[in-house]
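> quick check, what structure comes out for this input:
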Amino acid sequence: CEPRIFIPAAQKGASSYMFSLLMTHPQTLPPLRGAQYKEPGAYANAVYYRQPFSKRVSRFPFFWPNEGLVSLDGTVSYATESRLPAFRIALDSPAAKFVFALREPVDRSFSDYRFCYRPFFQDTDLSWDDAILQLIPLYDTCFNNKTSSIETFYEANPCRRADRYGLVRKSLYYFQVAFF
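So this is what the prediction gives:
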């Protein structure tokens, strides 16, 4: 069965905590595979086009509709990857519900830097402060030159290329939540 509850969010944004809270309910079921049995990625770009619906839903437990169960999908990249996961989810699971775990944006960005990206910046001796201070004016320019901020958020542009690790982009929650 396709998942009914999705937790699209940003990396280091408290999605694992939200997933674990929802899993305490006796009628929720985790995915059958995926990172930490939380992130099956069935609607991610790399998976979706290669797999038919039957293959995508095989990542989730089967249950009959009258059993009152729901399965969860906590793949955080759905909100920041592109606009397509939201469309795909709507096609496969029209009754889907979305729960966003949104951590304070600056703390999320710093935690993401410490956890994932510090090794990339150590060679250049670029601190988190310096990385962020370089990106903020660039984002101001990108969003001021466009009529649709959601388009700017997802499309390939100088901001997305400059912020290749998503330190700022992943913390722009408004665009992620507004699109879903």
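
> quick one: neighbours of the residue nearest to residue 170 when sequence neighbours are not counted, just the number.
Nearest non-adjacent residue to residue 170, counting by C-beta to C-beta, 6 or more residues apart in numbering: residue 10, 3.9 Å away. Heads up, the C-betas are built off the backbone N, CA and C, glycines and all. Per other C-beta atoms under 10 Å, the neighbour tally for residue 10 reads 26.

> quick check: residue 10 touching residue 168?
No: counting by C-beta atoms under 8 Å, residue 10 stays clear of residue 168, with 10.8 Å between them.

> which strands and helices lie in contact with the longest helix belonging to the chain?
Using DSSP state H, we find that the single longest helix of the chain is helix 128-144. If contacts are counted by 3 or more C-beta pairs under 8 Å, 6 or more residues apart in numbering; DSSP states H and E, helix 128-144 sits against helix 105-112, helix 149-154, helix 158-162.

> ranking these by mean pLDDT, which is last?
Mean pLDDT values for the helices and strands packed on helix 128-144 show the minimum at helix 149-154, a mean of 65.

> any idea which helix or strand comes after the top strand by length along the chain?
Ranked by number of residues, the top strand in the chain under DSSP state E is strand 70-73. As assigned by DSSP states H and E, the chain's next helix or strand after strand 70-73 is helix 78-81.

> which residues touch that following helix?
Under the contact criterion C-beta atoms under 8 Å, 6 or more residues apart in numbering, helix 78-81 has outside partners 6, 8-11, 43-45, 85-86, 89, 100, 166, 169-170, 176-177, 179-180.

> hey, C-alpha coordinates of it in PDB?
Only the C-alpha atoms of helix 78-81 are listed here, as PDB (Å, rounded to 0.1, in the frame of the first residue of the first chain):
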ATOM      1  CA  TYR A  78      11.300  15.400  -1.100                       C
ATOM      2  CA  ALA A  79      10.900  19.000   0.000                       C
ATOM      3  CA  THR A  80      14.300  20.300  -1.200                       C
ATOM      4  CA  GLU A  81      15.000  18.100  -4.300                       C
END
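
> and the residue lying closest to residue 73 once chain neighbours are set aside, what is it in contact with?
Nearest residue to residue 73, sequence neighbours excluded (C-beta to C-beta, 6+ apart): residue 3, at 4.0 Å. Residue 3 makes contact with 31, 42, 60, 70, 71, 72, 73, 93, 96, according to C-beta under 8 Å, 6+ apart.

> for the first one, report the pLDDT, please.
Just to be clear, that refers to residue 31. The per-residue pLDDT reported for residue 31 equals 92.

> these two touch, right, it and residue 41?
No: counting by C-beta under 8 Å, residue 41 is not a contact partner of residue 31; they are 9.2 Å apart.

> please consider this matter closed, and thank you.
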